[in-house]
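>>> Show me the folded form of this:
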Amino acid sequence: MSVLGPLGLCLPLILGSQEGPLANGAFQPVAERAWELLAAGDTLLADLQEEGVDPGRLGRVFDSWQQALAASEPGDAVPGEGALDEALAARCALGVEEAVLRRLEGLTAPDREAFRTRFEPLAAASGGSACERLYPGTRAAAEAALRLGDEAAELGWEQRASTWWQRSARHARLSGLDELAAAAERRQGWIDRAAPEAPDPLRGATSLGVSSSHAIEGFLVRPDALRRVPLGRGMRLGAAALGDGRLLVQGPRRGLLYDGAALRGGARPRMVDFEALVDRDFRTLSPFAAPSAGGWSLLPSASDDALSAVVVVDRGDPSRTVGGVVTPARGNRLMALGPAPGIDGGLGVQWAREGSRALGPAAAAGELLGATPEFQPGPLQLEGLVLVTARLMGDAPARDTVRPRPQAPEGSAPGPEAGEDRGSAPLEEAPRALTGVEGDLWLLALSSSTGAVTWSRFLTRASDLSGNMPLRMRAPELRSVGMPLGLAHGRLLCCTNTGLVTAHELDGRLVWSLRTRRREASAAGWPGSRRPLETEAGALVAPGDSDHAYLVDPRPGAAPLLGQPTPLGSALDLIGPSGGRLLLMGRDGARAGLLQVDEEGRESPILNLAAGERFTGTALLTPSRLALATDRRIYLFDMEENARLLAAAGLPEDAHGGDLVAVGGQILLLGVDRASLLEIRRD
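The predicted structure is shown next:
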């Protein structure tokens with residue numbers, strides 16, 4: 001659950017402006033054969049309905065729809081036509097499974113029963129996850145999903161269990177199997193009731209102050225240079241809490257590791273040298289991106305049950321030819337860091353992925369990625385998976401002569417989603433996990449213990465805003481950077497910042513993909529470097545290549561887009577929803593200010609900053625408090641008393657603001673080259 005708390009139903013009213021032309025030519029992948037079969041079934045159904053023919057002939061329609069599932073793979077998409085309203089279908093594609101389910105839900109109860117009767121024997125004979133995907137709306141599908149959810153729950157994977165139980169309930173409702181639907185919903189209720197309340201580390205706080213502060217790399221920070229970087233588009237530090245209670249702050253080349261003594265202020269944090277861990281003596285790490293490309297966010301990821309933190313270090317370079325000399329593509333590195341052997345308490349590499357290689361003592365031996373990816377910022381670590389987006393730095397053929405080791409999702413039942421496309425091919429012609437051409441964007445799920453590829457999904461082909469720049473594929477700083485991955489209502493939200501947002505389930509099944517409005521390269525836009533913000537209604541997504549923000553719902557069966565998108569206007573960055581209003585950092589006239597947008601879409605200021613004062617990073621919004629940092633102060637507001645200002649504490653001379661984050665029970669201010677622990681005062 002997000003710390004943002006509920007937004008209620010008001011946001012669709014807030015998002016009330018007309019969006020205007022999309023100006024978006026982003027590539028939206030479609031499974032052509034599956035779409036042909038679905039469309040053929042739709043045409044036949046329309047003809048039958050118009051002619052009033054005997055419903056018994058619906059079997060041909062049902063066969064066509066089911067064949068679309070058989071002709072596709074998990075993650076494949078079809079146009080939204082036939083399942084969504086006309087305006088939304090023009091910009092939205094659906095996963096094949098989702099498209100078929102929505103068609104079944106649009107039938108009458110007798111017709112759904114006819115579908116179930118037709119395919120129940122085949123479903124019962126197939127069993128497992130194959131049955132659930134290929135024969136929706138049958139008893140066998142509902143029972144298989146229920147069983148797979150139970151197996152995931154036994155392993156402690158609540159999100160995965162919830163996914164299967166919700167699928168089970170949906171199949172059962174289609175079949176009119178109320179008792180089976182109730183069984184799945186009871187199980188889902190156990191998870192919902194056991195979910196912890198939204199954390200509020202700032203409850204009761206009256207002010208915030210810096211208790212300790214440490215430079216990470218010690219380079220010179222010039223305040224006048226910082227002022228030229230738009231909010232959220234520079235180098236952003238990140239932090240993650242390890243399972244043993246320590247806290248890791250990641251910088252571009254080095255990091256800080258806080259143990260208990262350092263967190264209490266009694267000792268200095270340990271330095272972590274990423275360059276030494278990468279072992280590249282010939283090249284300095286340089287994970288930077290130009291503000292026009294969205295900046296680069298260093299956001300390590302850890303889970304409560306893991307001692308390791310996953311980090312993305314450096315950037316990649318595409319292949320190029322200069323004067324007849326070919327320079328091969330080079331990727332960056334995705335690493336899992338955990339306790340190093342010995343007694344010094346440092347971190348070591350457990351596994352790493354770089355280019356097509358798997359490295360480290362725990363790495364999956366012989367596993368073939370088959371491409372040279374640049375891993376994008378903001379991976380997620382969840383229930384035994386590491387989820388990350390990647391951009392290909394060079395062309396990758398579809399097949400290779402080395403067979404990768406088959407990998408299945410940990411704890412999953414055998415079936416078509418358990419890595420069937422990575423172990424079934426002949427030894428001499430095994431498919432790669434990543435294929436395509438330079439600039440292709442992929443979503444990957446890796447095993448958190450070995451780094452082995454569990455599944456991979458093609459997203460789109462990058463279309464940078466700086467598309468006319470001749471050096472865009474030579475200078476890493478000019479390539480668009482993807483938004484950090486988001487998790488909302490148990491689904492993944494992937495915003496490419498190149499015109500497309502996708503929603504996936506944790507096993508890689510696509511819910512939908514949505515094309516967003518794109519801005520001119522020279523026009524103002526959102527930072528695009530924040531994770532999507534979960535709300536009660538769905539999630540707020542503000543793509544870096546757009547001048548609009550979108551309220552989307554990633555849940556299967558729901559409307560993908562809620563209300564009209566909201567324009568950037570005078571905003572600089574989203575903060576989040578609170579008390580039926582949307583909070584923004586923006587400008588009120590000549591000064592920066594904290595703004596609010598009410599249910600009617602009216603914008604008004606809450607606080608104007610002093611002349612020349614500027615926001616420096618993400619705000620921290622909890623159910624009871626709002627904290628935000630400028631280049632001069634840390635402000636604290638009481639959100640239970642209509643955003644009443646509680647304190648405005650000045651910053652030390654060597655601090656220049658930054659992002660405010662809550663990690664492992666600590667509040668940190670992460671600046672350009674400085675991590676500061678904050679003291680929460682409750683007096």
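>>> okay, CA-based contacts and neighbour counts for the rest of this
Noted.
>>> Looks like T284 contacts E275 (just checking).
Yes: T284 lies in contact with E275 (CA atoms under 8 Å); the separation is 7.2 Å.
>>> Which of these two has more residues huddled nearby?
E275 (17 against 10; other CA atoms under 10 Å).
>>> OK, contacts around the residue nearest the centre of the chain?
Nearest to the geometric centre of the chain sits L485, at 2.1 Å (CA atoms, centre = their mean). For L485, the contacting residues are G378, P379, L380, L387, V388, T389, L492, L493, C494, C495, R531, P532, by CA atoms under 8 Å, 6 or more residues apart in numbering.
>>> before we move on, which element is Y550 in?
Remark: Y550 resides in strand 548-552, with elements defined by DSSP states H and E.
>>> Alpha carbons of that strand, as PDB, please.
The C-alpha trace of strand 548-552 is given here as PDB (Å, rounded to 0.1, in the frame of the first residue of the first chain):
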ATOM      1  CA  HIS A 548      -0.200  15.800 -19.400                       C
ATOM      2  CA  ALA A 549      -0.600  13.500 -16.400                       C
ATOM      3  CA  TYR A 550      -2.800  10.400 -16.600                       C
ATOM      4  CA  LEU A 551      -4.900   8.600 -14.000                       C
ATOM      5  CA  VAL A 552      -4.800   4.900 -15.100                       C
END
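>>> Now do the same for the residue nearest to the centre of the chain: its pLDDT.
pLDDT for L485: 97.
>>> backbone phi and psi for it, please?
phi -60, psi 150 (degrees, to the nearest 10).
>>> Quick check: beta-bridge partners of the closest residue to it other than its chain neighbours?
Using CA to CA, 6 or more residues apart in numbering and skipping the chain neighbours, the partner closest in space to L485 is C494 (5.4 Å). When bridges are called by DSSP bridges, C494 pairs up with T502.
>>> now do L533
What pairs with L533, by the bridge criterion (DSSP bridges), is L540.
>>> What about it, how many residues nearby?
Close neighbours of L533, defined as other CA under 10 Å, add up to 22.
>>> wait, doesn't it sit right on L540?
Yes: using CA under 8 Å, L533 makes contact with L540 at a distance of 5.0 Å.
>>> Could you count how many residues lie near P527?
26.
>>> Next up, the contacts around it.
The neighbours of P527, taking CA under 8 Å, 6+ apart as the test, are P230, L231, G232, R233, G294, A542, P543, G544, L572, D573.
>>> how about a cut-off of 6 Å?
Going by CA atoms under 6 Å, 6 or more residues apart in numbering, P527 touches G232, R233, G544.
>>> any idea of the pLDDT on A430?
Looking at A430, its pLDDT stands at 38.
>>> Run through who's touching stretch 299-315.
By CA under 6 Å, 6+ apart, stretch 299-315 touches 238, 240, 242-243, 285-287, 332-338, 378, 380-381.
>>> Helices - which of the residues you listed land there?
Taking DSSP state H, every one of the contacts of stretch 299-315 sits outside helices.
>>> Out of those, which end up buried?
Buried by 16 or more other CA atoms under 10 Å: 238, 240, 242-243, 285, 287, 332-338, 378, 380-381, out of those.
>>> Can you tell me which of those residues lies closest to A655?
Distance to A655, by CA to CA, is smallest for G238 among these, at 16.5 Å.
>>> contacting residues around the closest one?
Residues near G238 by CA under 6 Å, 6+ apart: V249, Q250, L298, L299.
>>> If we ignore the residues flanking it in sequence, what's nearest it?
With CA to CA, 6+ apart as the criterion, G238 has its nearest non-adjacent residue at 4.3 Å, and that residue is L299.
>>> looking at this, the one you found is in a helix?
No: assessed with DSSP: H, G, I helix; E, B strand; the rest coil, L299 is coil; it does not lie in a helix.
>>> Okay, it and A194: tell me how far apart.
Noted for L299: a distance of 28 Å to A194, by CA to CA, to the nearest Å.
>>> neighbour-wise, which of the two wins?
In terms of neighbours (other CA under 10 Å), L299 is the more surrounded of L299 and A194; the figures are 22 against 8.
>>> Quick check: the more buried one vs W164, distance?
L299 is 29 Å from W164, where distance means CA to CA.
>>> Same question for T616.
Distance from T616 to W164, by CA to CA: 42 Å.
>>> so who does A145 touch?
W164, S168.
>>> Please give me every residue in contact with the nearest residue to L678 once chain neighbours are set aside.
Residue nearest to L678 in three dimensions, not counting chain neighbours: V210, with 4.5 Å by CA to CA, 6+ apart. Taking CA under 6 Å, 6+ apart, we find V210 in contact with L677, L678, E679.
>>> now do T460
T460 neighbours (CA under 6 Å, 6+ apart): F27, L441.
>>> okay, the strand or helix carrying it in CSV with CA atoms only?
Per DSSP H and E, T460 falls inside strand 453-461. The C-alpha trace of strand 453-461 is given here as CSV (Å, rounded to 0.1, in the frame of the first residue of the first chain):
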residue,chain,number,x,y,z
VAL,A,453,15.8,-14.7,-16.8
THR,A,454,12.3,-15.8,-15.7
TRP,A,455,10.4,-14.0,-18.5
SER,A,456,11.0,-11.2,-21.0
ARG,A,457,8.4,-8.9,-22.7
PHE,A,458,9.0,-6.6,-25.7
LEU,A,459,7.5,-3.2,-25.0
THR,A,460,8.2,-0.9,-27.9
ARG,A,461,10.9,0.7,-30.1
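>>> What helices and strands are in contact with whichever helix or strand comes after that strand?
With elements assigned by DSSP H and E, the helix or strand that comes after strand 453-461 is strand 486-488. Contacting strand 486-488 under the criterion 3 or more CA pairs under 6 Å, 6 or more residues apart in numbering; DSSP states H and E is no other helix or strand.
>>> Note down every partner strand of strand 486-488 and its orientation.
strand 491-495 (antiparallel).
>>> Show me the contact partners of the top helix by length along the chain.
Longest helix in the chain, counting residues (DSSP H): helix 32-51. Applying CA under 6 Å, 6+ apart, the external contacts of helix 32-51 come out as V61, S64, W65, A68, A71, S72, V78.
>>> List the residues that contact the last one.
It stands for V78. Residues in contact with V78 (CA under 6 Å, 6+ apart) are V30, A31, W35, A93, L94, V96.
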